[in-house]
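> Structure of the sequence below:
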Amino acid sequence: MAKGVRIVVTLECTECRTNTNKRSKGVSRYTTQKNRRNTTGRMELKKYCPYCNTHTVHKETK
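Residues are numbered from 1 along each chain as shown. From the prediction side, this is the model:
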């Protein structure tokens, strides 16, 4: 059986991770899939963060 090309990755809000003086505690995280052959680098997507109450950049975590 061949190993799958698509893998599940976690995207984490960059604003919540760096800002310590925010209103509520928590970090926004999303899960998605990526093709490891086409996208070898780390993904960056603009997603909605309920803690920041705005659209922010979410980066792939390891």
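
> Per-residue pLDDT of residue 36, please?
For residue 36, the pLDDT comes out at 89.

> quick one, what contacts it?
5, 6, 7 (C-beta atoms under 8 Å, 6 or more residues apart in numbering). Placement of C-beta: from N, CA and C, glycine included.

> these two touch, right, the first one and residue 35?
Yes. Contact between residue 5 and residue 35 holds when scored by C-beta atoms under 8 Å: they sit 5.6 Å apart.

> nearest spatial neighbour of the residue nearest in space to the middle of the chain, skipping sequence neighbours?
Centrality entry for the chain: nearest residue to the mean C-alpha point is residue 11, 1.2 Å, by C-alpha atoms, centre = their mean. Closest residue to residue 11 apart from its sequence neighbours, by C-beta to C-beta, 6 or more residues apart in numbering: residue 58 at 3.9 Å.

> which parts of the strand or helix carrying that neighbour are buried?
In the assignment (DSSP states H and E), residue 58 maps to strand 54-61. Residues of strand 54-61 classed as buried by neighbour count (16 or more other C-beta atoms under 10 Å): 56, 58, 60.
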